[in-house]
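A.B. asks: next comes the sequence, and after it the predicted model I'd like to discuss.
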Amino acid sequence: MSIRVRFAPSPTGYLHVGGARTALFNWLLARREGGRFLLRIEDTDRNRSSQEMVDAILEGMSWLGLDWDEGPFFQGEGVERHRADALRLLAEGKAYRDFTAPEELARIREEDPDGATRYPRRQAEALAPGEAEERAAAGEPHAIRFLVPDHRVVEFDDRVHGRTRFPAEAIEDLVILRADGSPTYNLAVVSDDAFMNITLVMRGDDHLSNTPKQILLYEALGYPVPEFAHLPLILGPDGKRLSKRHGATAVGDYEGQGILPEAMVNFLALLGWSPGTDQEVMSRSELVAAFSLDRVVKKSAVFDAEKLRWLNGQHLNRMDGVALASLVLDHLEAGLREPAEAAMETDPAGFGAILDLLITRARSVDDVAMKLRPYLVEEIVYDPGAVKKHWAKRPDEAAGHLEALRERLQGLEPGEWTEARLEEELRGLAEERGIGAGKLIHPLRVALVGEAVSPGIFEVLVAMGPDRSLARMAAGVQWIRRQVAGNA
RNA sequence: GCCCCCAUCGUCUAACGGCUAGGACUCCACUCUUUCAAGGUGGCGGUCGGGGUUCGAUUCCCCGUGGGGGCACCA
């Protein structure tokens, strides 16, 4: 039988990276093994789920490209079944009615946390025969507790941790049906996973101590016990479980920061798993092909945003500029969106070529978007530092070189505006004037992009095209002369 | 307090009981070069402590220490 796994998030309003990693591992395994990946939303009346909260989870999933084969199912839809299961346990004597007031139990817990474990049970046992049924029939509020078998060690082979055992003595008789008749989490999960024929429950380490309770419930209900795999938790830089106070923890946050879903998936996969080779940059399909539970690590891992950014740069580098175009649009500052759309429309290849130049130097989509300005709009902003370094020291020289270069390049036919030819012309001019090529290149760079850094200057020239390049050079010359005149 | 899990560079990780403990991020240097990145080369940096078992422990066992998770009429 092929495996059936599931991801069962509670709708908290966003998909956090821990959940995303759990979802990813389930998805990877299902895809690798040719199994089924189901999605179940753990919506209970208590943390009342709104449609928006559910949508946030689904959006995160689809952004990551984690498609599910069945669902989404909603835990809330199974309440009647959960209740029936609980009542059946009661009828079979595997559960009992507990009339202890919650406040009373809370008080006992405070006084003697250890002794409180069996307190409700002892209370129930002290009841006269038939008393519980009478009081229940009279409408007295009470919870239904599962009767945890004594003298029992619950053992299971966790797919990550190996043989794991829990003495049942330490497990309290958990409530399975509240006084208001609503089923509790541990019962609902067991009932649902059994109902959905889940063969492997893969989830966070934080559920490890729920597992013996659930196994006992499976057994009591007569359902086949699935396999379990408990994934190590993801920690913040301080070694504590990753939470909101560590900053960005929702996958949407990273989307906003210009992280590619491919990079996020790659990074998350490497958090608690390794392919066993030296390869780190991996595509989705490579991950699927390499994934195996045997190579999942037991130790919890610290989320290293710096490495995520590096990995993102690697994926960015492997991307095609044209493919990235529409993504970049979403990260552009206000005034740049329209010209970018126009450029994309009129000359998609040219626009893609510009992106290709920028991609190499970027670690996020934001980086690309930020560098795009000079290629989109006429008005150019000169960075003071760049001006100071390459124009202002010897303004007359800079303007003179720039002017000469402009005149020289102006003579080129459109077909001659190539990297090779441009370099030839520029170096030729430098030689004629008895100067190093840098004396031309640096002022030119400031004129073209307004900054001291850019992609290779000849690439920039080609990407901008003759018209805009020449105009910028002229504008630069003018600007320098005006400044000098102003200072004189 | 009780139960459980975990432990290799700062971080992510590799090493069926056997080469000098390998790779990646970060940092530093060098290189390439028109700048900045990217790339290339090199460097710094680790087996938590103590006992066993063994010819030999990162690896197996025990104890300690440290870290984490759980112990709800939350999920």
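C.D. replies: Yep, it's here.

A.B. asks: make it CA atoms for all contacts and neighbour counts henceforth
C.D. replies: Fine.

A.B. asks: quick one: the strands in the stretch 1-150 of chain A?
C.D. replies: Remark: strands assigned in the stretch 1-150 of chain A by DSSP state E, counting those that start in this stretch are A:4-7, A:36-41, A:70-74, A:95-98, A:143-146.

A.B. asks: list the buried residues in the longest helix seen in chain A.
C.D. replies: Identified as the longest helix of chain A according to DSSP state H is helix A:457-487. By neighbour count with 16 or more other C-alpha atoms under 10 Å, helix A:457-487 contains the buried residues A:457-466, A:468-470, A:472-474, A:476-477, A:479-481.

A.B. asks: for stretch A:70-78, same thing?
C.D. replies: For stretch A:70-78, by 16+ other C-alpha under 10 Å, it's A:73-76, A:78.

A.B. asks: please report how far A:L357 lies from RNA strand B.
C.D. replies: Distance of A:L357 to RNA strand B, given as C-alpha to the nearest atom of the strand, to the nearest Å: 8 Å.

A.B. asks: and A:I441, how many neighbours?
C.D. replies: 21 (other C-alpha atoms under 10 Å).

A.B. asks: show me the contacts for it.
C.D. replies: Taking C-alpha atoms under 8 Å, 6 or more residues apart in numbering, we find A:I441 in contact with A:I457.

A.B. asks: which SS class is it?
C.D. replies: Judged by DSSP: H, G, I helix; E, B strand; the rest coil, the three-state class of A:I441 is helix.

A.B. asks: what's the spacing between it and A:P455?
C.D. replies: Noted for A:I441: a distance of 12 Å to A:P455, by C-alpha to C-alpha, to the nearest Å.

A.B. asks: now do the shared contacts for the two.
C.D. replies: Listed contacts common to A:I441 and A:P455 are nil; contacts here mean C-alpha under 8 Å, 6+ apart.

A.B. asks: and A:A362, what is it in contact with?
C.D. replies: Here A:A362 is in contact with A:313, A:316, A:368 (C-alpha under 8 Å, 6+ apart).

A.B. asks: which helix or strand contains it?
C.D. replies: Assigned by DSSP states H and E, A:A362 belongs to no helix or strand.

A.B. asks: the most centrally placed residue in chain A and A:E92: what is the separation?
C.D. replies: By C-alpha atoms, centre = their mean, chain A has its centre lying nearest to A:V251, at 3.4 Å. When distance is defined by C-alpha to C-alpha, A:V251 is 45 Å away from A:E92.

A.B. asks: for the stretch 351-488 of chain A, what lies in contact range of RNA strand B?
C.D. replies: Contact residues, the stretch 351-488 of chain A versus RNA strand B (C-alpha under 7 Å from any atom of the strand): A:360-362, A:437-438, A:441-442, A:452-458.

A.B. asks: try 6 Å this time
C.D. replies: The stretch 351-488 of chain A comes close to RNA strand B at residues A:360-362, A:438, A:441-442, A:452-458, as judged by C-alpha under 6 Å from any atom of the strand.

A.B. asks: dump the residues you listed to CSV, plus pLDDT.
C.D. replies: Output for those, formatted as CSV (pLDDT from 0 to 100):
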residue, pLDDT
A:T360, 91
A:R361, 91
A:A362, 93
A:G438, 90
A:I441, 94
A:H442, 94
A:A452, 91
A:V453, 92
A:S454, 93
A:P455, 94
A:G456, 93
A:I457, 95
A:F458, 95
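
A.B. asks: max pairwise distance over the residues you listed: which two?
C.D. replies: Between any two of these, the greatest separation by C-alpha to C-alpha is 24.3 Å, found for A:A362 and A:G438.

A.B. asks: residues in contact with A:F37?
C.D. replies: By C-alpha under 8 Å, 6+ apart, the contact set of A:F37 is A:4-7, A:26-27, A:30, A:68-70.

A.B. asks: can you turn the buried part of the residues you listed into a PyMOL selection?
C.D. replies: To isolate the buried ones among those in PyMOL, judged by 16+ other C-alpha under 10 Å, type:
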select buried, chain A and resi 4+5+6+7+26+27+30+68
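
A.B. asks: so, low pLDDT: which residues of the stretch 101-250 of chain A?
C.D. replies: For the stretch 101-250 of chain A, applying pLDDT under 70 flags no range at all.

A.B. asks: residues in it within reach of RNA strand B, list them.
C.D. replies: Residues of the stretch 101-250 of chain A lying close to RNA strand B (C-alpha under 6 Å from any atom of the strand) are A:101-102, A:113-114, A:142-143, A:161, A:164-166, A:170, A:175, A:178-179, A:184-185, A:205-209, A:239-241.

A.B. asks: hmm, which of those residues are the buried ones?
C.D. replies: A:142-143, A:161, A:166, A:175, A:178-179, A:184-185, A:205, A:208, A:241.

A.B. asks: can you tell me which of the residues you listed are in helices?
C.D. replies: A:Y185.

A.B. asks: hmm, which two among the buried ones among the residues of the stretch 101-250 of chain A next to RNA strand B are most spread apart?
C.D. replies: The most widely separated members of these are A:H142 and A:H161, with 37.9 Å between them, by C-alpha to C-alpha.

A.B. asks: of the contacts of A:A362, buried ones?
C.D. replies: Burial by neighbour count, 16+ other C-alpha under 10 Å: within the contacts of A:A362 this picks out A:313, A:316, A:368.

A.B. asks: looking at these, which is nearest RNA strand B?
C.D. replies: Nearest to RNA strand B among those is A:G313, at 7.1 Å by C-alpha to the nearest atom of the strand.

A.B. asks: please narrow the contacts of A:A362 to those residing in helices.
C.D. replies: Short answer: the contacts of A:A362 in helices (DSSP H) are A:313, A:316, A:368.

A.B. asks: and the gap between the last one and A:G400?
C.D. replies: Counting by C-alpha to C-alpha, the gap from A:V368 to A:G400 is 32 Å.

A.B. asks: cool, the second one as well?
C.D. replies: The span separating A:L316 from A:G400 equals 39 Å under the rule C-alpha to C-alpha.

A.B. asks: try the first one
C.D. replies: Here the distance between A:G313 and A:G400 works out to 39 Å (C-alpha to C-alpha).

A.B. asks: picking up where we left off before, which one of the contacts of A:A362 is nearest to A:L38?
C.D. replies: Distances from A:L38 to the contacts of A:A362, taken by C-alpha to C-alpha, are shortest for A:L316, at 30.7 Å.

A.B. asks: how about that closest one, what does it touch?
C.D. replies: A:L316 neighbours (C-alpha under 8 Å, 6+ apart): A:260, A:359-360, A:362-365.
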